[in-house]
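**Q** pasting the sequence and the predicted coordinates here, then a few questions.
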Amino acid sequence: MTRRIEHSCVTTEIDDEGIAWVTFNRPEKRNAMSPQLHYDMEAVMMEIETDESVRVTVLTGAGDSWSAGMDLREYFRETDNDPTAQFRSFTANKHWSWEILSMSRKPTVAMVNGYCFGGAFIPLCACDIAITAEDAVFGLSEINWGILPGGIVSKVIQDFLAQRDAIFYAMTGRTFDGTKAVEMKLANIAVPRERLEEETRALARELMEKNPVVLGYTKQAVKAVRTMDVEMAYEYLRAKSLALRFADTEDTRGRGMEEFLDNKTYRPGFEPVGKKS
Ligand code: COA
């Protein structure tokens with residue numbers, strides 16, 4: 001049975017397959033991220049992270065927008081002279097949209113259903129996988145507002161885009177669509193808008209076939225080595241691999257070897273090892 005969690009700016013539905021559909025829910029403001037949305041997302045992400053029934057997290061937006069970025073009125077102008085309020089909303093934003101989301105133990109999917117501007121690039125890049133409507137509109141519009149691609153927008157576009165594209169789009173503020181986002185490797189898959197949910201569900205099901213502990217360790221390992229040198233990466237991955245053997249109580253590794261080497265019942269190159277019967 002689907003479980004619904006309501007916050008004032010975010011709606012979450014956890015369906016019986018284990019997919020948490022998290023929806024930014026301020027369609028009248030194109031899902032711009034207000035301080036309250038950040039507080040709601042912080043609560044939601046903590047809840048999802050600690051709910052064992054959740055197998056995949058999908059982030060999307062209500063209406064025709066994923067998110068129009070930071071709320072220029074509530075996140076910026078209204079807190080310009082209030083350092084305490086700034087600290088609260090900045091910290092909540094950093095906590096959910098990067099710290100929790102980028103290293104979540106669950107697979108995370110950005111399902112970009114429309115406008116994606118400015119600060120929305122942070123959760124977009126924090127998600128493991130991005131699937132977008134072909135006609136979604138992306139833009140680094142900060143240049144038009146007289147502000148920098150802040151938070152860590154400048155950092156994530158440097159990490160995720162080719163340098164030429166990062167600088168070009170940050171300097172011009174030109175928009176691009178979902179198809180172009182895939183061409184630039186900002187998103188993985190672009191589909192017609194009417195197929196977005198169905199394709200996202202198919203992707204979530206594919207991820208749910210894997211062992212969830214192995215999946216969590218894999219994404220964390222791949223992300224963590226990004227800033228390590230080769231020697232450190234060798235050491236870290238050796239230690240992380242050992243840790244996984246203890247964390248994976250289903251012993252996927254052992255069963256995989258047994259089924260491949262001894263029983264010869266499956267080819268791991270093509271499908272996940274079957275569940276322990
Ligand atoms: N911050 C605050 N409010 C925002 C917002 C933002 N980032 N984006 C949209 N809104 C508000 C508008 O002010 C408007 O509020 P109102 O009804 O009280 O006047 C409402 O959302 C609808 O916006 P509107 O511009 O009428 O919708 P649209 O469908 O014609 O256009 C956008 C949608 C996203 C293209 C347009 O709203 C826009 O350019 N927003 C700014 C996006 C941006 O540059 N974000 C980066 C900020 S750093």
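**A** Cool, the structure landed.

**Q** pLDDT weak spots in the chain?
**A** 275-277 (pLDDT under 70).

**Q** show me where it has its helices.
**A** If DSSP state H is used as the criterion, the helices of the chain fall at 35-49, 83-94, 101-102, 121-126, 142-145, 153-160, 163-172, 178-183, 196-208, 212-224, 230-247, 252-257.

**Q** of those helices, which approaches residue 20 most closely?
**A** Minimum separation from residue 20 across these (C-beta to C-beta) falls at helix 35-49, 5.0 Å. From N, CA and C alone the C-beta is placed, and that goes for glycine too.

**Q** give me the residues contacting that closest one.
**A** Applying C-beta atoms under 8 Å, 6 or more residues apart in numbering, the set of residues contacting helix 35-49 from outside is 5, 7-10, 12, 14, 20, 22, 24, 26, 31, 54, 57, 71, 74-75, 79, 85, 88-89, 92-93, 95-97, 100-101, 104-106.

**Q** just stretch 88-98 next, same as before
**A** Contact with stretch 88-98 is made by 33, 35, 38-39, 41-42, 44-45, 75, 79, 119, 122-123, 126, 151-152, as judged by C-beta under 8 Å, 6+ apart.

**Q** list the buried ones in that stretch?
**A** Residues of stretch 88-98 classed as buried by neighbour count (16 or more other C-beta atoms under 10 Å): 89-90, 92-98.

**Q** quick one: residue 149 from the ligand, how far?
**A** Using C-beta to the nearest ligand atom, to the nearest Å, residue 149 is found at 8 Å from the ligand.

**Q** burial count for that residue?
**A** Here the number of neighbours of residue 149 (other C-beta atoms under 10 Å) works out to 24.

**Q** what residues are up against it?
**A** 118, 121, 140, 142, 157, 170.

**Q** so which of the contacts of stretch 88-98 reach the ligand?
**A** For the ligand, the contacts drawn from those by C-beta under 6 Å from any ligand atom are residue 119.

**Q** which one (most neighbours) among the contacts of stretch 88-98?
**A** Among the contacts of stretch 88-98, residue 33 has the most neighbours (other C-beta under 10 Å), with 29 neighbours.

**Q** ok, it touching residue 75?
**A** Yes. Counting by C-beta atoms under 8 Å, residue 33 touches residue 75, with 6.4 Å between them.
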